[in-house]
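Novice: quick one, structure for this:
(one chain, ligands or ions: 1)
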Amino acid sequence: MSDCPYYTTCNMFKEYANDKTKEAPLFIFSNLYCKGPSQAKCIRKKVADSLGQESVPVNLLPNGQAMIGTKGDGWPEDVKKLLPKA
Ligand code: SF4
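Specialist: From the prediction side, this is the model:
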């Protein structure tokens, strides 16, 4: 499995790089999505492909949830439309 084409520029990793509480989830998401079998299901990738990488909220997780301790209330409507239905 090739790494996701956005891997080196995906701002979520840079944003939380110094936050020890996010280390484990980022490691898991990276292995599962960025370098793994769920890459095609990544919601960050879906938003980047549809709206451009600059439109991906930094706290949007690959599974469509907001990063632990954050909320997605302020995400733009065009991003929300691409999220998985609850
Ligand atoms: S989080 Fe998603 S968009 Fe970002 S590098 Fe990983 S698979 Fe690609």
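Novice: please enumerate the helices of the protein.
Specialist: Here the chain has its helices, by DSSP state H, at 11-15, 23-29, 43-51, 77-80.
Novice: where does this protein come near the ligand, residue by residue?
Specialist: 4, 6-7, 10, 12, 33-34, 39, 42, 44-45, 48, 62 (Cβ under 6 Å from any ligand atom). (Each C-beta comes from the backbone N, C-alpha and C, glycine too.)
Novice: leaving out sequence neighbours, find the closest residue to Thr10.
Specialist: Check again: residue 10 is Cys, not Thr. Nearest-residue entry for Cys10: Arg44, 6.6 Å, with adjacent residues in sequence omitted and distances by Cβ to Cβ, 6 or more residues apart in numbering.
Novice: okay if I get the helices of the chain as JSON lines plus distance to Gly69 and mean neighbour count?
Specialist: Formatted as JSON lines, the entries for those read as follows, by distance: least, Cβ to Cβ, whole Å; neighbours: other Cβ atoms under 10 Å:
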{"stretch": "helix 11-15", "distance to Gly69": "12", "mean neighbour count": "16"}
{"stretch": "helix 23-29", "distance to Gly69": "11", "mean neighbour count": "14"}
{"stretch": "helix 43-51", "distance to Gly69": "18", "mean neighbour count": "19"}
{"stretch": "helix 77-80", "distance to Gly69": "19", "mean neighbour count": "12"}
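Novice: can I get those helices in JSON lines including mean pLDDT?
Specialist: What follows is the helices of the chain, written out as JSON lines (pLDDT from 0 to 100):
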{"stretch": "helix 11-15", "mean pLDDT": "96"}
{"stretch": "helix 23-29", "mean pLDDT": "96"}
{"stretch": "helix 43-51", "mean pLDDT": "98"}
{"stretch": "helix 77-80", "mean pLDDT": "98"}
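Novice: how about a markdown table for the ones you listed, with distance to Lys71 added?
Specialist: Conversion of the helices of the chain to a markdown table gives the following (distance: least, Cβ to Cβ, whole Å):
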| stretch | distance to Lys71 |
| --- | --- |
| helix 11-15 | 15 |
| helix 23-29 | 16 |
| helix 43-51 | 16 |
| helix 77-80 | 12 |
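Novice: quick one on the thing from earlier: show me which pair in the residues of the chain next to the ligand is furthest apart.
Specialist: Set against one another by Cβ to Cβ, the residues of the chain next to the ligand have their most distant pair in Met12 and Gln39, with a gap of 14.4 Å.
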